[in-house]
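> Give me a 3D structure for the following:
(one chain, ligands or ions: 1)
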Amino acid sequence: MNLNSPTLPDLGRELCQRIDESLLRSIEFDSGCPERLREAIQYCLLAPGKRLRPQLVLFAAEACGGSVESALPAAVAVEMIHAYSLVHDDLPAMDDDDLRRGRPTCHKQFDEATAILVGDALLARAFEVLATEIQPAERAARCCAELARAAGANELVGGQADDLDQSVNEHSIERLEFIHRRKTGALFRASLRLGAIVAEANSRELAALDLYGQHLGLAFQVVDDLLDVSGSESEVGKRLGKDADHGKVTYPSVLGQEASRRRAEVLIDQACQAIEGFGSSVAPLRELALFVRRRKN
Ligand code: GRG
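Numbers count the residues shown, from 1 in each chain. Purely as a prediction, here's the structure:
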């Protein structure tokens with residue numbers, strides 16, 4: 001898996017380089033950060049992921065007339081939260097994975113304590129980036145509040161807790177979507193909202209991008225579940241078939257593969273419909289939605 005994959009939209013590929021340069025600059029810690037920890041943070045944050053969430057921030061900002069430059073701190077912050085969640089998700093106490101983004105997971109490459117600390121450091125640094133690099137201060141505070149809500153107990157962390165909870169044996173579409181709107185969807189939605197906020201979007205634009213983010217986040221998860229049962233491990237870059245091993249409720253286990261594919265199609269259509277009113281400025285968001293539908297990693 002690499003960023004030159006032909007399945008990534010061209011526009012996004014160009015931006016990925018810029019995003020990665022900003023990510024690297026954002027982890028220039030001073031001498032208080034031990035070298036091994038710094039190395040582990042860079043290993044996880046700069047690993048070859050798709051950078052979908054930062055692209056969503058930047059595309060949303062541009063759709064509302066904002067610049068990539070002014071939205072980059074928000075893009076960096078969202079990717080930091082995403083990277084932290086993956087590092088913690090891979091830990092033995094959670095999903096217990098040894099492969100991520102085609103490489104050994106953080107705790108395999110380094111050790112468990114370092115992986116926990118990498119997550120802690122990324123979580124804190126994300127909010128430092130927002131607080132210090134978004135102007136004016138009032139907008140920075142709003143961005144911090146948005147991201148904190150999405151990353152907190154009601155959303156990302158709550159969704160993860162429910163997903164790990166083995167005591168509930170309810171395999172319904174309602175429970176599945178309640179989990180994924182929080183575990184996966186919250187960061188997608190926050191990415192769109194942050195892009196809109198830094199670009200000073202009006203309430204109609206914010207609501208439309210928010211809705212696009214909700215539909216796209218769920219569609220992304222449907223495709224993720226499908227890849228877990230029918231994808232290729234070398235393309236996806238992580239161990240597959242783990243959902244069934246862990247007895248997890250997934251789209252294919254609840255709906256079957258064919259209906260899951262149809263659900264993804266409907267969600268992508270709904271995402272694109274939500275932003276129809278913007279005209280040509282949302283072409284990259286439409287392209288990204290189509291990428292999510294056909295992605296192989
Ligand atoms: C442990 C306090 C504490 C909080 C962490 C671990 C956690 C909460 C949340 C995990 C949420 C999680 C792992 C969601 C999975 C979402 C998902 C399908 C991620 C993969 O996203 P991609 O494909 O990854 O965009 P790349 O590698 O391309 O960036």
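
> C-alpha only now, for contacts and for neighbours.
Noted.

> Can you pull the phi/psi pair for Arg103?
phi -130, psi 170 (degrees, to the nearest 10).

> same question, the one 10 residues further on
Note on Ala113: its backbone torsions stand at phi -60, psi -40 [degrees, to the nearest 10].

> Counting neighbours, what do you get for the nearest residue to it once chain neighbours are set aside?
In space, Ala113 comes closest to His107 once its chain neighbours are excluded; the distance is 7.6 Å by Cα to Cα, 6 or more residues apart in numbering. Residues near His107, counting by other Cα atoms under 10 Å, number 22.

> Over to Ala283?
Look at Ala283: counted by other Cα under 10 Å, it has 17 neighbours.

> re the thing from before, before we move on, which element is the residue nearest to Ala113 in?
helix 106-109 (DSSP states H and E).

> How far does that helix sit from its chain's centre?
21 Å (Cα atoms, centre = their mean, to the nearest Å).

> Need the residues that contact that helix.
40, 43-44, 87, 90-91, 98, 112-115 (Cα atoms under 8 Å, 6 or more residues apart in numbering).

> so which of the residues you listed are also by the ligand?
With Cα under 6 Å from any ligand atom as the criterion, no member of these is in contact with the ligand.

> Serialize those to CSV and add fields for pLDDT.
Putting these into CSV (pLDDT from 0 to 100) gives the following:
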residue, pLDDT
Ala40, 98
Tyr43, 98
Cys44, 98
Val87, 98
Asp90, 98
Leu91, 98
Asp98, 96
Glu112, 98
Ala113, 98
Thr114, 98
Ala115, 98
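
> Narrow those residues to just the buried residues.
40, 43-44, 87, 90-91, 98, 112, 114-115 (16 or more other Cα atoms under 10 Å).

> Filter these down to just the ones in helices.
40, 43-44, 87, 112, 114-115 (DSSP state H).

> buried stuff in the helix holding His107?
106-107.

> Briefly note if whichever strand or helix holds Asp163 comes near the ligand.
Using DSSP H and E, Asp163 maps to helix 156-164. Yes - for helix 156-164, a contact with the ligand is found by Cα under 6 Å from any ligand atom, at 156-157, 160.

> what comes up buried for that helix?
156-160, 162-163.

> and if you look at stretch 252-271?
Applying 16+ other Cα under 10 Å to stretch 252-271 flags 252-253, 255, 257, 260-261, 263-265, 267-271 as buried.

> average pLDDT across it?
Per-residue pLDDT over stretch 252-271 has a mean of 96.

> So what touches it?
Contacts for stretch 252-271 (Cα under 8 Å, 6+ apart): 171-173, 211-216, 218-220, 222-223, 225-226, 251, 289-290, 293.

> Run the angle between the strand or helix carrying Cys144 and helix 156-164 for me.
Assigning secondary structure by DSSP H and E places Cys144 in helix 137-151. In terms of direction (axes from the mean of the first three to the mean of the last three Cα atoms, to 10 degrees), helix 137-151 departs from helix 156-164 by 10 degrees.
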